[in-house]
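[1] With the sequence up front, the predicted model follows.
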Amino acid sequence: RKEVEQDPGPFNVPEGATVAFNCTYSNSASQSFFWYRQDCRKEPKLLMSVYSSGNEDGRFTAQLNRASQYISLLIRDSKLSDSATYLCVVNIPAGANNLFFGTGTRLTVIP
Amino acid sequence: NAGVTQTPKFRILKIGQSMTLQCAQDMNHNYMYWYRQDPGMGLKLIYYSVGAGITDKGEVPNGYNVSRSTTEDFPLRLELAAPSQTSVYFCASSDPKGSPEAFFGQGTRLTVV
């Protein structure tokens, strides 16, 4: 079983739409959670960390549900510039290899 | 503060050739990683290191070797390049004692012909 699983999409949404991505993780020892953004032919970059209480950064909201072991990312008022692949990342501090990446969810925002 | 620097950015290799992909970080991170990303696919871990002198295999280590003689550098060696190694290679680092966020280099786009 993969440590982190995501729906690969693609999600094609019109400008201004709200879109949500979910990600599930298998290891209950997971401690830190992140969403990364990867533009085409570029390296992944941190979008936001995900905290237990949920957190918001402008149009982006991240939620964590430890009981069900899933993480979500909500994007409101989608912009063309939000088109990218969104990677869910989990940190398991007890392991030597402590970072696990999902395969990513591709989002395309359509004019 | 340059972060994670990878060289070269692009390379074309012939089948059977060898090369070393360089990765250096100036953040004093203990953990470093090599990933490959095939077109339209996710990241696959090749090798990782938790500190100087310590390396371990990831998900797809065959055909690659690494070394970690210093905290800063984590080169990836390809011996006997094969077309299946055509990919984009990303190096990353993280600090398990601080924020576990991973910082990535800009990638090396490798084509084996």
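    Structure's in. What do you need? Just so it is clear, the structure is predicted and the values come from calculations on it, not from any experiment. Numbering: from 1, shown residues only, chains lettered A, B, ... in the order given.
[2] Which secondary structure element is home to the closest residue to residue B:11 other than its chain neighbours?
    In this structure, residue B:11 finds its nearest non-sequential neighbour in residue B:110, 5.2 Å apart by CB to CB, 6 or more residues apart in numbering or on different chains. In short, each C-beta sits where N, CA and C put it, glycine included. Using DSSP states H and E, residue B:110 maps to strand B:108-112.
[3] can you give me the helices for chain A?
    Read by DSSP state H, chain A holds no helices at all.
[4] Show me the strands in chain A, by range?
    A:4-6, A:11-14, A:19-25, A:32-38, A:45-50, A:55-57, A:60-65, A:70-75, A:84-91, A:99-101, A:105-110 (DSSP state E).
[5] Mean pLDDT lowest where, among these?
    In terms of average pLDDT, strand A:99-101 trails the rest of those, at a mean of 88.
[6] coming back round to it: right, and the residue nearest to residue B:11 touches residue B:14 too?
    No. Using CB atoms under 8 Å, residue B:110 is not in contact with residue B:14, being 11.9 Å away.
[7] Please report the number of neighbouring residues for whatever residue of chain A ends up closest to chain B.
    In chain A, the residue that lies nearest chain B is residue A:103 (3.1 Å; CB to the nearest CB). Residue A:103: 20 surrounding residues under other CB atoms under 10 Å in any protein chain shown.
[8] which regions of chain B sit below the pLDDT cut-off?
    B:1 (pLDDT under 70).
[9] Pick out the residue in it sitting closest to chain A.
    For chain B, CB to the nearest CB, closest residue to chain A: residue B:42, 3.1 Å.
[10] how close does that residue get to residue B:68?
    Taking CB to CB, to the nearest Å as the criterion, residue B:42 is separated from residue B:68 by 24 Å.
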